[in-house]
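[1] for reference, the sequence and a predicted model appear below.
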Amino acid sequence: MSKYKTEPLKCWQKAKELREKYYKDYQTAHETGGLRWTGGAWSFDAIPYGLGDDVYPLTGEPYAASIAFMKDFSLECLEATEAKGWARDLCSYMRNYWGSMYLDKWAFGGPFPKANFAWQDHICCSHGKWDQHVAEYEKIPYFCIDVSVGPYNDLDEPKLKYVVDQMHEGIEFLEKATGREYDDEKLIAAVNNECRHTSTWAEICMLNKHKPAPLDEKSMYSLYVFGTLSKAKKEFADFMEEVRDEMKYRIDNEIAALPTERCRLISDTQPPWAFLKVFRYLEKFGAISVGSLYTFALVGIWEDKPDGTWGPRTTPAQQGIKIETRDQALRILADWNLSKPEWQQFYDPTIKTRMMKRIYDEWELDGVMLHLNRGCEGLSCGIMENHWGLTHMDVPVMSFEGNMGDSREFDESRTMDRIDSFMERLGLKKLD
Amino acid sequence: MFSQFKEWYDKRHEYARDWKQRTGGKVMGCFCSYVPEEMLVAGNILPVRVLGSHEPQNVTEPYLFGMYCPFCRDVLAQGLKGKYNYLDGITLSQSCIHLRQSYVAWREHVKVPHDYYLYMPNKVQTKAATPFLKSELEKYQAHIEEITGRELTDDDLDRGIKIVNRNRDLMHQVYEHRKGDTPKLTGLEAMYMTVSAMWVDKEEHSAEIEKVLAQLPDRQMDRDTGARLLMVGSENDDIAFIDMVESVGATFVVDDHCTGTRWFWNKVEPNDDRLYAIADRYVKRPPCPTKDWEERWRFPHIVQLCKDFNVEGAIVIQQKFCDPHECDIMPLRKMLDDNSIPSLFLEFDVTVPIGQFKVRVEAFLEMFGVDDLF
Ligand code: SF4
Ligand code: SF4
């Protein structure tokens, strides 16, 4: 009983190739005299691009998510970390990453490639500590920028300056750590690329307001990831525009991600990566998750549009701003990132609740799934307040416990049972 | 000698209510040891650190996910149970994301007349930290002025700095008496003193310390010191635990806790720019692990404490799920080991299994006894 037509994403193959190339480039960087740095998905990756075009990042979270997806290797990594004595309740991405480092095994084959330096930013308690340990273990220099200055709505000059001053210090660090001269022109290009990339991703998510949704959350994971690998890479920013164009094509031609779409949901944080079949299970009910606060806003940058809706933030280039100096580039980069929706909840879960309610209304949803994710203290921060708040706003909420990176902490059959009862609450039966 | 501190510890709420009545002043609940108390004292506000009660509770589950540390859940439980219903305001000074959730849940569900989130920088190792914190303290000053309805002058700030610095000085002097072969006080007594300072009027508290200091030199301890221990790790003010350890052949001679030395160790160095001086004090104090990166400032400080207080062994305490300390404990134990200080690791929940821990502590302490034979 399909209501809509569907077809595979045309950009799929390219997404796969780009992702493979990203990890290959990192692995082989030293063969051509290039540099490798390790850090986080939220690191200001535009800044190291000022060191040259042959600088390759490894962002810990998506790398660890790839490990988590490989259930057996993940278990090996987690056990290696536990064997060193670390607590089992620490960030499961961090434990997967550390395990891979201890085992000297690269998830994609070969030894674990050692970075030249670590470049992190800090908003979750684990950020600063994650790479502190990596830097000590690998004996590499380390720099981390604190961005914990509060919600964007309260941003003022001293807060912005605090972040920008650290960025300036960071550039001095990069020059010292690598012996390379810093090129402001490359920084400026990277900042423009990052703004273009992350705004375009928000536009893609906005296009998913359409009924039927052109994208489902599971497919989004393969696309949003580029913003977590390197927001500022030109190749990725270009690719996002191709994805955006394909979304428009799908909308114009009423091509649905789920041909039986009749119930629209979202989730909030990272999924349990080893159990993405949860999303396929929803489809049996004609239910589709059209995204999550996580996929929309982990890297997507948004703003309030004049008509009151949520849409992609206007980039400096779109505003006609020409970036000319290092300081201007850094100020724009800091301001841009501090507006990241996924950073707001770190200070106040009611902001996340309001964002989720907004998505619920604007994307015309039927319910929300909250992943009580034991693997991530950062994105689970305030999650019970979100549950409380959304429920009090009459949003149907289903919660399930799990762990994005530790499959031992996910009870598959219990989760499926919870989905069954949630679907029942929403008045849905399995499709024939 | 320490009975007044014990009474203040046991009757913290009665004390604060009484203080409020007799002085007509306001009382501020402080979440985390990074709240700049000097400024509150300057405004005649009583800073009261909000701590847990170590009793089982079942009220926090709707607001705080069980994966966060028992301390932050216990703190929230105190609010939900109305234990701190005399507070005029609460202040969170930004530290770990666990405790911040207790603060938000208090704000949303306990409802206190005033609430304030102070953006204490997490990167204390950047030169941008003090200027940034100073600008945040300017806003906090305006908040205090709003609560009290009067301007906070330089004279007020000088007085606040002086009062709190004196209290710190006096606690340092008491700690000096723990350095000798026979410490003149137990770890339990020291804890009654330091923790009660977190909610007792600083001048009253200092006056009591002075009385104690007058008697300490002549104090005869009617107990064996046993092993000289450092207590280090997550928040801990568990009296029953400390008492147990000290009853089986050991004495805590120093600590690195946010309810102990970390909180009072350094002073505000006076400067014409008062807020800058206060900011600098909090940036440079012995850090919580959540702020101790990229370099490790905490570890050399702990090693120094061990040397100064002639520490023989360490009890490393971690609140379950406490990510900041979980990230430090492995390298911390290695560092202690490298400095020939054996350590025992114990994981705490809201309530502590004293019996089980006793067996482990006794086994740990045996290693010190063996040394004595040779
Ligand atoms: S706990 Fe979550 S937010 Fe924190 S470092 Fe890990 S994945 Fe990131
Ligand atoms: S530092 Fe640890 S013990 Fe203290 S509130 Fe944070 S998580 Fe809890």
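    That came through, no problem. Ligands and ions are numbered 1, 2, ... in the order given.
[2] quick check, pLDDT for residue 252.
    Looking at chain A here, since you left the chain open. We have a pLDDT of 98 for A:D252.
[3] my question was about chain B, not that one.
    98.
[4] over to it: give its phi and psi.
    phi -80, psi 120 (degrees, to the nearest 10).
[5] residue contacts, residue 242?
    You didn't pick a chain, so chain A it is. With contact set as CB atoms under 8 Å, 6 or more residues apart in numbering or on different chains, A:E242 has these partners: A:C11, A:K14. Every residue, glycine included, has its C-beta placed from N, CA and C.
[6] look at chain B instead
    Contacts of B:I242 by CB under 8 Å, 6+ apart are B:G187, B:L188, B:M191, B:M231, B:F252.
[7] in space, what's closest to residue 241 - neighbours in sequence excluded?
    Because you didn't say which chain, this covers chain A. A:T200 (5.7 Å; CB to CB, 6 or more residues apart in numbering or on different chains).
[8] wait, chain B
    Counting by CB to CB, 6+ apart, the residue nearest B:F241 is B:V352, at 5.2 Å.
[9] for B:T91, helix, strand, or coil?
    Put simply, B:T91 is strand when judged by DSSP: H, G, I helix; E, B strand; the rest coil.
[10] where along chain B do the strands fall?
    In chain B, the segments counted as strands under DSSP state E are B:26-31, B:45-49, B:89-93, B:114-118, B:227-233, B:250-256, B:313-319, B:343-348.
[11] okay, these in CSV with distance to A:E283 next?
    Shown next, in CSV, are those (distance: least, CB to CB, whole Å):
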stretch, distance to A:E283
strand B:26-31, 45
strand B:45-49, 52
strand B:89-93, 43
strand B:114-118, 42
strand B:227-233, 48
strand B:250-256, 53
strand B:313-319, 42
strand B:343-348, 42
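[12] which of these sits closest to A:T353?
    strand B:114-118 (16.9 Å; CB to CB).
[13] list the buried residues for the closest one?
    Neighbour-count burial for strand B:114-118 flags B:H114, B:D115, B:Y116, B:Y117, B:L118 (criterion: 16 or more other CB atoms under 10 Å in any protein chain shown).
[14] close to chain B: what parts of the stretch 251-400 of chain A are there?
    Within the stretch 251-400 of chain A, the positions lying close to chain B (CB under 8 Å from any CB of the partner chain) are A:346-350, A:372, A:374, A:377-378, A:380-385, A:387-388.
[15] so where is the stretch 251-374 of chain B shaky, pLDDT-wise?
    For the stretch 251-374 of chain B, the stretches with pLDDT under 70 are B:370-374.
[16] what does it have sitting close to ligand 2?
    B:C288, B:Q319, B:C322, B:P324, B:H325 (CB under 6 Å from any ligand atom).
[17] hmm, the second one is touching B:H257, no?
    In this case it means B:Q319. No. The pair B:Q319 / B:H257 is not scored as a contact, 11.0 Å apart, by CB atoms under 8 Å.
[18] looking at the two, which one has more neighbours?
    B:Q319 (25 against 22; other CB atoms under 10 Å in any protein chain shown).
[19] hang on, the earlier thing: can I get the contacts of B:I242 in a markdown table including distance to ligand 1 and neighbour count?
    What follows is these, written out as a markdown table (distance: CB to the nearest ligand atom, whole Å; neighbours: other CB atoms under 10 Å in any protein chain shown):
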| residue | distance to ligand 1 | neighbour count |
| --- | --- | --- |
| B:G187 | 34 | 24 |
| B:L188 | 36 | 21 |
| B:M191 | 32 | 27 |
| B:M231 | 28 | 24 |
| B:F252 | 33 | 27 |
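[20] how close does B:E246 get to B:F252?
    Distance, B:E246 to B:F252, using CB to CB, to the nearest Å: 7 Å.
[21] correction: the previous question concerned A:I188.
    A:I188 is 56 Å from B:F252, by CB to CB.
[22] ok, how many other residues are close to residue 351?
    Assuming you mean chain A. 19.
[23] wrong chain, I was asking about chain B
    14.
[24] now B:K134. Nearest residue, chain neighbours left out?
    B:A279 (4.2 Å).
[25] A:R358 too?
    Closest to A:R358 by CB to CB, 6+ apart is A:W310, at 6.0 Å.
[26] is it correct that the residue nearest to A:E241 is in contact with A:P312?
    Yes. Under the criterion of CB under 8 Å, A:T200 makes contact with A:P312 at 6.8 Å.
[27] surely the residue nearest to A:R358 and A:E362 touch.
    Yes. The pair A:W310 and A:E362 qualifies as a contact (CB under 8 Å) at a distance of 6.1 Å.
[28] need the contact list for A:A334.
    So, once contact is read as CB under 8 Å, 6+ apart, A:A334 ends up touching A:V147, A:L160, A:V163, A:V164, A:M167.
[29] same thing but at 10 Å, please
    Residues in contact with A:A334 (CB atoms under 10 Å, 6 or more residues apart in numbering or on different chains) are A:44, A:145, A:147, A:149, A:155, A:159-167.
[30] wait, a helix at the residue nearest to A:E241?
    Yes. Looking at A:T200 with three-state DSSP, it is inside a helix.
[31] OK, contacts around it?
    Contacts of A:T200 (CB under 10 Å, 6+ apart): A:227, A:236-245, A:300-301, A:312, A:315.
[32] filter the residues of the stretch 251-400 of chain A next to chain B down to the ones in helices?
    A:P349, A:T350, A:I383, A:M384, A:E385, A:H387, A:W388 (DSSP state H).
[33] do you know how far the residue in chain A that ligand 1 sits nearest to is from A:G367?
    Per CB to the nearest ligand atom, A:G378 is where chain A lies closest to ligand 1, at 2.4 Å. Using CB to CB, one gets 24 Å for the distance from A:G378 to A:G367.
[34] again with B:R166
    B:R166 is 59 Å from A:G367, by CB to CB.
[35] the more surrounded of those two?
    A:G367 (20 against 17).
[36] any idea how many residues pack against the residue of the stretch 201-350 of chain B found nearest ligand 1?
    Of all residues in the stretch 201-350 of chain B, B:D323 sits closest to ligand 1, at 7.5 Å by CB to the nearest ligand atom. Residues lying near B:D323 (other CB under 10 Å) number 26.
[37] measure it to A:G128 for me?
    Counting by CB to CB, the gap from B:D323 to A:G128 is 11 Å.
[38] which residues do those two both contact?
    Here B:D323 and A:G128 share the contacting residues B:P289, B:T290, scored by CB under 10 Å, 6+ apart.
[39] burial count for A:D366?
    16.
[40] and it, how far from A:N153?
    Taken as CB to CB, the span from A:D366 to A:N153 is 29 Å.
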